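Asks: pasting the sequence and the predicted model now:
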Amino acid sequence: MVTVMTMVELASQSGPQDTWFSRKIIGQGLLPLFVFLCSFIAGFGFIRFSVRMIRAQVRWWPGNVKPGGLHIHHVVFGVVFMLISGVSLIVVTDPTNTVKSVLAGIFGVGAALVLDEFALILHLRDVYWTEAGRTSVDAVFVAVALCALVLLGFRPVALIDWTAYQSNPTVGNALLLTGFLLANLGLAVVTLLKGKVWTGLAGLFFFPLLVIGAFRLSRPEAPWARWRYRTKPKRLARAARREVKWRHPVITAKIKFQEFLSGRHDLPDLFHERHLRHRERHRNHDRGSNTDSNADRHRRDGNGNGNQ
């Protein structure tokens, strides 16, 4: 953290140089966000390097933290870092830009540790190296993309510039801004329900993407397809063909890039497999019980007819 503070002080005291960084980052008060993003990327890179060393059983690497045999996941350390920095930012009165940037750096490291085990939080079990563990890498990619867009000057719909309304606060302007906000959020919800997560998130920064995502076909396994395409087999078939033709190659390339950065998620999810086997045994048991009940009923009916 001393290194982070030194970098922040040098950046904030670099003088009024006419550079993109001084104008767009320091001049617009985005230095804490910039430090957060850098710390987040560094924290994610370090923890992924660490877990890959542990998985490869490299002798000189420290390994997992197991006091008394209890494996403490790094999400715990992430929560502690986020609490320390978050509470400090609340407690400190009128913090300087340097203090805010240092706390943002601590928060960024904590957020990286937490999101790197986002799949564990979502599934409430250790799925780190399984197929479900890719969700953590997806969450990290989303966080990096959103922060980078804000740093580059893009603003999501929630950060609408209200300057025009403040200069002319009429009912018409208020209704116009409110309508635009609701339209953006509505199209974003439809796009997400159609299974287009990246399009929906990027569309909050670039409105035409929301229009494209909301009005084009849904992904075949998305909630929208399950609700709306059940009675439209031709539309569902078109969505399935588009999924295979366009999305599968993109997903394959994304997975290869993720595995290059974070390692292969190729271990079986034993808990999920046991759950599926248990459910199948339960279904077979119920089916067998129903068959036996039907046989007994037919046998009773036959005996009754015979007695008559």
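Replies: In hand now; what should we look at?
Asks: can you pull the contacts of Cys38?
Replies: Cys38 makes contact with 105, 108 under the criterion CB atoms under 8 Å, 6 or more residues apart in numbering. For glycine as for every other residue, the C-beta is placed from the backbone atoms N, C-alpha and C.
Asks: confidence score at it?
Replies: Reported pLDDT at Cys38 in the predicted model: 95.
Asks: just Arg242 next, same as before
Replies: 90.
Asks: and the helices in the stretch 201-308 of the chain?
Replies: Secondary structure of the stretch 201-308 of the chain, counting by DSSP state H, counting those that start in this stretch: helices at 207-215, 223-228, 233-242, 248-262, 270-307.
Asks: I figured Ala214 hits Lys194, correct?
Replies: Yes: in this structure Ala214 lies within contact range of Lys194 using CB atoms under 8 Å: 7.4 Å.
Asks: let's see the pLDDT reported for Val137.
Replies: Predicted confidence (pLDDT) at Val137: the value is 91.
Asks: now for it: which residues touch it?
Replies: Val137 makes contact with 258, 261-262 under the criterion CB under 8 Å, 6+ apart.
Asks: against Glu221, how distant is it?
Replies: From Val137 over to Glu221 the distance is 20 Å, taken as CB to CB, to the nearest Å.
Asks: please name the nearest non-neighbouring residue to Leu192.
Replies: Ranked by CB to CB, 6 or more residues apart in numbering and with sequence neighbours excluded, the top spatial neighbour of Leu192 is Gly200, at 4.3 Å.
Asks: what about the helix or strand where that neighbour lies, distance to the chain center?
Replies: When secondary structure is defined using DSSP states H and E, the element that contains Gly200 is helix 197-203. On the basis of CA atoms, centre = their mean, to the nearest Å, helix 197-203 sits 12 Å off its chain's mean C-alpha point.
Asks: next, the buried residues of it.
Replies: Within helix 197-203, the residues that qualify as buried by neighbour count (16 or more other CB atoms under 10 Å) are 198-203.
Asks: the residue nearest to Leu192 reaches Gly213, doesn't it?
Replies: Yes: taking CB under 8 Å as the definition, Gly200 is a contact partner of Gly213 at 6.1 Å.
Asks: what touches both of those two?
Replies: Between them, Gly200 and Gly213 share the contacting residues Thr191, judged by CB under 8 Å, 6+ apart.
Asks: on that earlier part again, which ones are touching the residue nearest to Leu192?
Replies: Counting by CB under 8 Å, 6+ apart, Gly200 makes contact with 188-189, 191-192, 210, 213.
Asks: average model confidence for stretch 254-271?
Replies: 79.
Asks: got the CA positions of that stretch in CSV?
Replies: The C-alpha trace of stretch 254-271 is given here as CSV (Å, rounded to 0.1, in the frame of the first residue of the first chain):
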residue,chain,number,x,y,z
LYS,A,254,-13.7,-16.6,-25.0
ILE,A,255,-13.1,-19.8,-23.1
LYS,A,256,-9.7,-20.3,-24.6
PHE,A,257,-8.8,-16.7,-23.6
GLN,A,258,-10.1,-17.2,-20.1
GLU,A,259,-8.2,-20.5,-19.7
PHE,A,260,-5.0,-18.7,-21.0
LEU,A,261,-5.4,-16.1,-18.2
SER,A,262,-7.0,-18.2,-15.4
GLY,A,263,-6.3,-21.9,-16.0
ARG,A,264,-8.5,-24.7,-17.1
HIS,A,265,-11.9,-25.3,-15.4
ASP,A,266,-12.0,-29.0,-16.2
LEU,A,267,-12.6,-30.8,-12.8
PRO,A,268,-15.9,-32.6,-12.4
ASP,A,269,-18.5,-31.1,-10.1
LEU,A,270,-18.8,-34.1,-7.8
PHE,A,271,-21.6,-32.5,-5.7
